[in-house]
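# Fold the following and give me the result.
(chains A and B)
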Amino acid sequence: MKSVRVQPEDFDPGDEMTALGALGSGGVASFVGHVRGDGELIALTLEHYPQMTAKALDDLAEQALERWALDGVTLIHRIGRLVPGDRIVLVCTASRHRAAALEACAYLIDRLKTDAPFWKKEEFGDGRSSWVEARQSDDAAAERWG
Amino acid sequence: MADVTLLYFASIREKLGREMEERVLPESARTVHDLIEWLVTQDANYASAFAEPAKLRCAIDQVMAPLDAPLAGAREIAFFPPVTGG
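Numbers count the residues shown, from 1 in each chain, chains lettered A, B, ... in the order given. So this is what the prediction gives:
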């Protein structure tokens, strides 16, 4: 099972994990990313490249399915304006092997940070706003998967 | 060379003040890099938007591509800064 979604709406991690758990694999791994409440951050706006995003996420899911023995993958990424504490991203993987589920989940979140066309703009309490700069540590995390 | 759609996202879009345009590319634009060199001669906004090649990313027909990728047959070329999703 492969489910890839890009949406402004929130999602329920419990519902998504339950759906993968129902596949009967025995193991479900997950990662949920939230907006960090750094400093005076009041909101984060996520822009994306609509014609490309779904395909980029689908390609990542396919790569994980080829690389590990998975029964299911769910990727959800939100777009639009979010506030500290809001959920941004969900990665869920189901496998009968825990190492495969955990590694594939880590792979997907690492690669998603460097391979999917999303950009974040921060708004601060004093009226400033700025685009989030990509971090070299994210590139290094993605590159470790080869 | 045929018409192409150029798309701009995030800080690149803001610096250019536009999100898309249709262009007929010159014969000299054989790679993404050639295209950038041509665009920066068009007006000062392009020179500003493309001033830092190390912070520029590109997708050709919705697939990430390096700046030395060939443009032959490309229909949609997008420029943007390094991505920051997740």
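
# Nearest to chain B within chain A, name that residue for me.
residue A:118 (2.8 Å; CB to the nearest CB). Backbone N, C-alpha and C define where each C-beta goes, glycine included.

# The residue minimising distance to the centre of chain A and residue A:113, how far apart?
Geometric centre of chain A, nearest residue: residue A:89, 3.9 Å, by CA atoms, centre = their mean. Residue A:89 sits at a distance of 9 Å from residue A:113 (criterion: CB to CB, to the nearest Å).

# list the residues that contact both of the two?
Common neighbours of residue A:89 and residue A:113, using CB atoms under 8 Å, 6 or more residues apart in numbering or on different chains, are B:85, B:86.

# Next, give phi and psi for whatever residue of chain B ends up closest to chain A.
At 2.8 Å from chain A, residue B:85 is the closest residue in chain B, using CB to the nearest CB. Backbone torsions for residue B:85, taken as degrees, to the nearest 10, come to phi -80, psi -170.

# Return the residues in contact with the closest residue to it other than its chain neighbours.
Nearest residue to residue B:85, sequence neighbours excluded (CB to CB, 6 or more residues apart in numbering or on different chains): residue A:118, at 2.8 Å. The neighbours of residue A:118, taking CB under 8 Å, 6+ apart as the test, are A:46, A:47, A:48, A:53, A:77, A:79, B:83, B:84, B:85, B:86.

# now do residue A:26
A:95, A:96 are the contacts of residue A:26 under CB under 8 Å, 6+ apart.

# Tally up the residues packed near residue A:65, please.
A count of neighbours around residue A:65, defined by other CB atoms under 10 Å in any protein chain shown, yields 17.

# Three-state assignment for residue 11, please.
Chain wasn't specified; assuming chain A. coil (DSSP: H, G, I helix; E, B strand; the rest coil).

# Can you look at chain B instead?
Here residue B:11 is recorded as helix under three-state DSSP.

# That one - how many residues pack around it?
17.

# Does it touch residue B:79 like I think?
No - using CB atoms under 8 Å, residue B:11 makes no contact with residue B:79, being 10.4 Å away.

# so residue A:10 touches residue A:87, yeah?
Yes - assessed by CB under 8 Å, residue A:10 is found in contact with residue A:87 at 6.0 Å.

# mind listing the helices for chain B?
B:10-16, B:32-39, B:44-49 (DSSP state H).

# Can you point out the buried residues in the first one?
For helix B:10-16, burial by neighbour count (16 or more other CB atoms under 10 Å in any protein chain shown) applies to B:10, B:11, B:12, B:13, B:15, B:16.

# likewise the shortest one?
When burial is assessed from 16+ other CB under 10 Å, helix B:44-49 yields the following buried residues: B:46, B:49.

# same deal with stretch A:65-77?
Buried positions in stretch A:65-77, judged by neighbour count with 16+ other CB under 10 Å: A:65, A:68, A:70, A:71, A:72, A:73, A:74, A:75, A:76, A:77.

# now stretch A:18-28
Under the neighbour-count criterion of 16+ other CB under 10 Å, stretch A:18-28 has A:19, A:20, A:25, A:27, A:28 buried.
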